[in-house]
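Novice: let me see the structure of the following:
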Amino acid sequence: MNGRTTQAFAARQGAPGGRLRILVVDDEPPAADELSYLLTQDARVAEVRTCLNATDGLQQLQESSVDAVFLDIQMPGLNGLELARLLARFKTPPAVVFVTAHEEHALEAFDLRAVDYVLKPVRAERLAETVTRLMGSVPEEEPSGDVQIPVELGGVTRFVWRSQITHVEAQGDYARLHTADASHLVRVPLTQLEQEWASARFVRIHRSLLVNLAHVTEVRSEAGRCSVVVGGAARGTELQVSRRHTRQLKDLLARRG
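Specialist: Sure, this is the predicted structure:
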C-alpha cells in the first residue's frame with residue numbers, strides 16, 4: 001500500500017471498530033452534505049465531519065485528527081491542493097482524497113500522493129471503491145518506491161501502479177503508458193518521464209520509447225539491429241532499439257543479470 005494509505009490504516013486503530021473517521025472540506029454546502037451522506041451510508045465509516053472552507057478544515061485537523069480528508073480543489077482562499085500540501089507536513093498526515101468537477105488536476109494529485117481522485121457528481125459505487133482504498137485493500141506487496149499514476153478513461157480517473165507499466169511511447173506532448181493488457185494516454189512529455197522515472201529503471205531505447213527494464217524478457221539481434229521483448233515471449237511486445245541506445249541498454253541489462 002502507498003505511504004499515505006499505510007498512515008491512515010495505522011491512525012484508524014483508535015476509531016470505533018477500526019472504521020474510518022473522515023473530514024469533508026467543500027465550499028458548496030449541497031455538495032458537502034451529499035458527500036457526507038453517502039459516506040455515512042458505508043458501514044466502514046465511523047464518523048463524518050464537514051467544513052465549508054480549507055482554513056476551517058485546517059484548524060479542525062490541528063485540534064482533532066481524522067483518518068482521511070475528502071477535499072474539493074477549487075475553493076476561495078486556501079484551495080484543496082494547498083491544504084493537501086500543508087497536511088503533508090503533519091507528523092501523522094491523514095489520507096487525502098480529492099473530490100472535484102475538474103479533471104485537469106489529476107497529475108498534481110498524484111504528486112501529492114493522494115489516495116484517490118473522484119470526479120463530481122459522485123456516485124455511491126465509485127465512493128465505495130475509494131473507501132476500499134482507504135481501508136488498505138490495495139496490494140500489500142507493493143514494490144519498494146512504487147507509485148500510482150492517475151489515468152483517465154471514459155470520464156473516470158483511475159490509478160495504475162508504475163511497476164505494471166512495461167513501456168512508454170511518446171505521442172507529441174503526451175505519453176502513452178502501456179501495461180500488459182491496456183494503454184493509457186497522459187499529458188506528460190516523454191522527456192519528463194525519462195528524468196523522473198530513471199530511478200525506477202525506465203530507460204530510453206529510442207527517441208520515442210522508454211522501457212521498464214523489469215519487464216524485458218528477451219533481447220534480439222538480427223542484421224545489426226537490436227530489439228527487446230517486454231511482457232513475455234507468448235504475448236509480449238517487440239520494441240526496436242535505436243543504434244545509439246543499444247550499447248547502453250545491453251550494459252544495463254547485463255548489470256541487472
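
Novice: tell me the buried residues in the longest helix seen in the chain?
Specialist: Selection of the longest helix in the chain by residue count, based on DSSP state H, yields helix 243-256. Residues 245-246, 249 are the ones in helix 243-256 that count as buried (16 or more other CB atoms under 10 Å). (Glycine included, C-beta is placed from N, CA and C.)

Novice: gap between the residue of the chain most remote from its centre and Arg244?
Specialist: In terms of distance from the mean C-alpha position of the chain, Ala223 ranks first, at 41.5 Å (CA atoms, centre = their mean). The gap separating Ala223 from Arg244 is 17 Å, by CB to CB, to the nearest Å.

Novice: the nearest residue to Thr100 once chain neighbours are set aside: neighbour count?
Specialist: In this structure, Thr100 finds its nearest non-sequential neighbour in Ile73, 4.3 Å apart by CB to CB, 6 or more residues apart in numbering. Other residues within reach of Ile73 by the criterion other CB atoms under 10 Å amount to 22.

Novice: ok, Leu58 next?
Specialist: 18.

Novice: residues contacting it?
Specialist: 78, 83, 86-87 (CB atoms under 8 Å, 6 or more residues apart in numbering).

Novice: which SS class is it?
Specialist: helix (DSSP: H, G, I helix; E, B strand; the rest coil).

Novice: how much space between it and Phe90?
Specialist: From Leu58 to Phe90 the distance is 10 Å (CB to CB).

Novice: what pLDDT is listed against Arg255?
Specialist: If you check Arg255, the pLDDT there is 64.

Novice: hmm, I typed the wrong one, I wanted Val160.
Specialist: Confidence score, pLDDT, at Val160: 89.

Novice: can you list phi and psi of it for me?
Specialist: phi -120, psi 130 (degrees, to the nearest 10).

Novice: quick one: least confident of the buried residues of helix 243-256?
Specialist: Minimum pLDDT across those falls on Leu249, with 84.

Novice: ok, that one - contacts?
Specialist: Contacts of Leu249 by CB under 8 Å, 6+ apart are 203, 205, 211, 219, 226, 228, 241.

Novice: and these, which are buried?
Specialist: 203, 205, 211, 226, 228, 241.

Novice: and of the contacts of Leu249, the nearest to Arg44?
Specialist: For these, the residue nearest Arg44 by CB to CB is Val211; the value is 39.8 Å.

Novice: any idea of the pLDDT on the closest residue to His167 other than its chain neighbours?
Specialist: Among residues not flanking His167 along the chain, Val211 sits closest, at 4.7 Å (CB to CB, 6+ apart). Here, the pLDDT recorded for Val211 equals 95.

Novice: so how far is stretch 18-38 from its chain's centroid?
Specialist: 22 Å (CA atoms, centre = their mean, to the nearest Å).

Novice: with only the CA atoms kept, save that stretch in CSV.
Specialist: Extracted C-alpha coordinates of stretch 18-38, given in CSV (Å, rounded to 0.1, in the frame of the first residue of the first chain):
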residue,chain,number,x,y,z
GLY,A,18,-11.4,0.0,13.1
ARG,A,19,-13.7,2.2,11.0
LEU,A,20,-12.8,5.5,9.3
ARG,A,21,-13.1,9.0,10.7
ILE,A,22,-13.4,11.4,7.8
LEU,A,23,-13.5,15.2,7.3
VAL,A,24,-15.2,16.6,4.2
VAL,A,25,-14.0,20.0,3.0
ASP,A,26,-16.1,21.7,0.3
ASP,A,27,-17.2,25.3,-0.1
GLU,A,28,-20.6,24.2,-1.6
PRO,A,29,-23.0,23.1,1.2
PRO,A,30,-25.1,20.9,-1.1
ALA,A,31,-22.0,19.0,-2.4
ALA,A,32,-20.6,18.7,1.2
ASP,A,33,-23.9,17.4,2.5
GLU,A,34,-24.4,14.9,-0.3
LEU,A,35,-20.8,13.5,0.1
SER,A,36,-21.2,13.3,3.8
TYR,A,37,-24.5,11.5,3.5
LEU,A,38,-23.1,9.0,1.0
